[in-house]
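1. based on what follows, work out the 3D shape:
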Amino acid sequence: MSLDPVKVMKGQDPMALSAPLASNGDSKASWEESEGFCDGLGPKKPKSGPVRRARKVEGGIFFPKPENAVTIAVSSRVLFRTEKEQKVFEEKGVEEYIKYQMEHENEPFAPGPAFPFVKALETVNARLRELYPDSEELFDIVLVTYNHAHVGVRLINTINHHNLFIERFCMTGGSSPIGYLKAWHTNLYLSADAEKVQEALAQGIAAATMFMPEKQIEVSETQLKVAFDGDAVLFSDESERIFKAHGLDKFFEHERENENTLLDHGPLKGFLEALGKLQKKFYAKGHRLDCPIRTYLVTARSAASSGIRALKTLRAWGLEIDEALFLAGAPKGPMLEKIRPHIYFDDQMFHVEGAVEMGTIAAHVPYGIAQKYPHKKGTNSAK
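-> Numbers count the residues shown, from 1 in each chain. As a prediction, this is how the structure comes out:
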């Protein structure tokens, strides 16, 4: 099985994982030939929907400052399904694409792979507002897209149709969004553009490429579930490098010898820290057992042979994982099917494919030695 970002539904032609030739919103390509894409387009006030995060103050609406919030930046192509529009763009060009979007701006997009995750973030926000009505420590969602501003009308209409609360847009008109991500103090960036994800990671921003399974399992509507791989995701790829260079026995020996040496941090450690900070706000109010955020470590490490170093590292960092699964090389897909996370992060496409086959929404973190030496079927994995 070979996956491509978002477009993996049955009967569809997948796009190349490498840089696409063109895009309907999240790839640069043909946009460079057009000008004037950054005209301001203010978001419309939602007509109806769930209780909103913003609170009224004298003089207008109050929103959390980016530096106080846990900011999640999502691209339009992972939040919504835009394959039809993508085809118009690729076959007829940018002008016909914009015309098509304007003609269909009252037709909402269908939910994409990031949609359940974003809905779960809003559920957590609702609980936080009940307990801490004046706090700015909330999830703040920013829609990031390469799109022309005219397309923003359809995006806003779609957001209102689905009762989402996304008031912050970043429509770059073909320019790279990475500089804006840093300005937003982004804690996590989710995109269908693998190159932009790599660019974000290189800038120290937690990022991943999302994939849509052919079948999708139902996920909780009351609890956000986030699952992480260990090495090269939460931790550095130090141990994975030993495994790739010297094999499994040397890997186990290395882990035993360094049991009390902390692993270095990986690209998504900061996001786990942000989740943990919000979890502790619930714990402080006596809601540990019914906390609406639950985290999972799902690793191919063996518990007795190499798991203790991972657990000691998390403990030394002051981070809690609600559940830790050490699979000793067993497939991750069946376990993830039981967990039913809103998102699962892994650095190896082999494991991402296995998760997606079982209906889990998975995201690839293109970081570390595994990108140079990808996992092959029939071989064991240290992580």
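
2. and the helices in the stretch 1-150 of the chain?
-> Assigned by DSSP state H, counting those that start in this stretch, the helices in the stretch 1-150 of the chain fall at 76-79, 83-92, 94-103, 115-131.

3. no no, the stretch 201-350 of the chain
-> Taking DSSP H, counting those that start in this stretch as the test, the helices found in the stretch 201-350 of the chain are 238-246, 248-257, 269-283, 308-317, 333-339, 349-357.

4. ok, back up a step: most tightly surrounded among the helices of the stretch 1-150 of the chain?
-> The highest mean neighbour count among the helices of the stretch 1-150 of the chain, using mean count of other C-beta atoms under 10 Å, belongs to helix 76-79: a mean of 30. Bear in mind the C-beta positions are built from the backbone N, C-alpha and C, glycine included.

5. can I get that helix in CSV, CA atoms only?
-> Output of helix 76-79 as CSV, limited to C-alpha atoms (Å, rounded to 0.1, in the frame of the first residue of the first chain):
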residue,chain,number,x,y,z
SER,A,76,-7.7,23.9,4.1
ARG,A,77,-6.9,20.7,2.3
VAL,A,78,-6.7,18.6,5.5
LEU,A,79,-9.6,20.4,7.3
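
6. mean confidence for it?
-> Mean pLDDT, computed over helix 76-79, is 94.

7. and that helix, what does it pack against?
-> Judged by 3 or more C-beta pairs under 8 Å, 6 or more residues apart in numbering; DSSP states H and E, helix 76-79 is in contact with strand 139-145, strand 186-191.

8. same list (those) but as TSV, adding distance to Ala284.
-> As requested, the helices and strands packed on helix 76-79 are exported to TSV (distance: least, C-beta to C-beta, whole Å):
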stretch	distance to Ala284
strand 139-145	18
strand 186-191	21
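
9. can you flag the weakest of these by average pLDDT?
-> strand 139-145 (a mean of 94).

10. what's the helix or strand just after it packed up against?
-> Using DSSP states H and E, the helix or strand that follows strand 139-145 in sequence is helix 152-161. Here helix 152-161 touches helix 94-103, strand 139-145, strand 168-171, going by 3+ C-beta pairs under 8 Å, 6+ apart.

11. of all those, which lies closest to Arg309?
-> Among the helices and strands packed on helix 152-161, strand 139-145 comes nearest to Arg309, with 31.2 Å by C-beta to C-beta.

12. of the helices of the stretch 201-350 of the chain, which stretch is the most buried?
-> Highest mean neighbour count among the helices of the stretch 201-350 of the chain (mean count of other C-beta under 10 Å): helix 349-357, with a mean of 23.

13. and that one, how far from the chain's centre?
-> Helix 349-357 sits 15 Å away from the centroid of its parent chain (C-alpha atoms, centre = their mean, to the nearest Å).

14. before we move on, what about stretch 358-368?
-> Put simply, stretch 358-368 sits 9 Å off its chain's centre (C-alpha atoms, centre = their mean).

15. if you count neighbours, what's buried in that stretch?
-> The neighbour-count check on stretch 358-368 (16 or more other C-beta atoms under 10 Å) flags Met358, Gly359, Thr360, Ile361, Ala362, Ala363, His364, Val365, Pro366, Tyr367, Gly368 as buried.

16. possible to save these as TSV with pLDDT and secondary structure?
-> Below are the buried residues of stretch 358-368 laid out as TSV (pLDDT from 0 to 100; DSSP: H, G, I helix; E, B strand; the rest coil):
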residue	pLDDT	secondary structure
Met358	90	coil
Gly359	91	coil
Thr360	94	coil
Ile361	94	coil
Ala362	96	strand
Ala363	97	strand
His364	97	strand
Val365	97	coil
Pro366	96	coil
Tyr367	94	coil
Gly368	84	coil
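
17. closest to Ala194 among those residues?
-> Distance to Ala194 across these (C-beta to C-beta) is lowest for Pro366, with 6.4 Å.

18. does that closest one touch Ala194 like I think?
-> Yes. The criterion here is C-beta atoms under 8 Å, and Pro366 meets it with Ala194 at 6.4 Å.

19. need the overlap of contacts for those two.
-> Counting by C-beta atoms under 8 Å, 6 or more residues apart in numbering, the contacts common to Pro366 and Ala194 are Thr209.

20. how about the nearest residue to the spatially most central residue of the chain, chain neighbours excluded?
-> Residue closest to the average C-alpha location in the chain (C-alpha atoms, centre = their mean): Leu190, at 4.0 Å. The spatial neighbour of Leu190 that comes closest, neighbours along the chain excluded (C-beta to C-beta, 6 or more residues apart in numbering), is Val74 at 4.9 Å.
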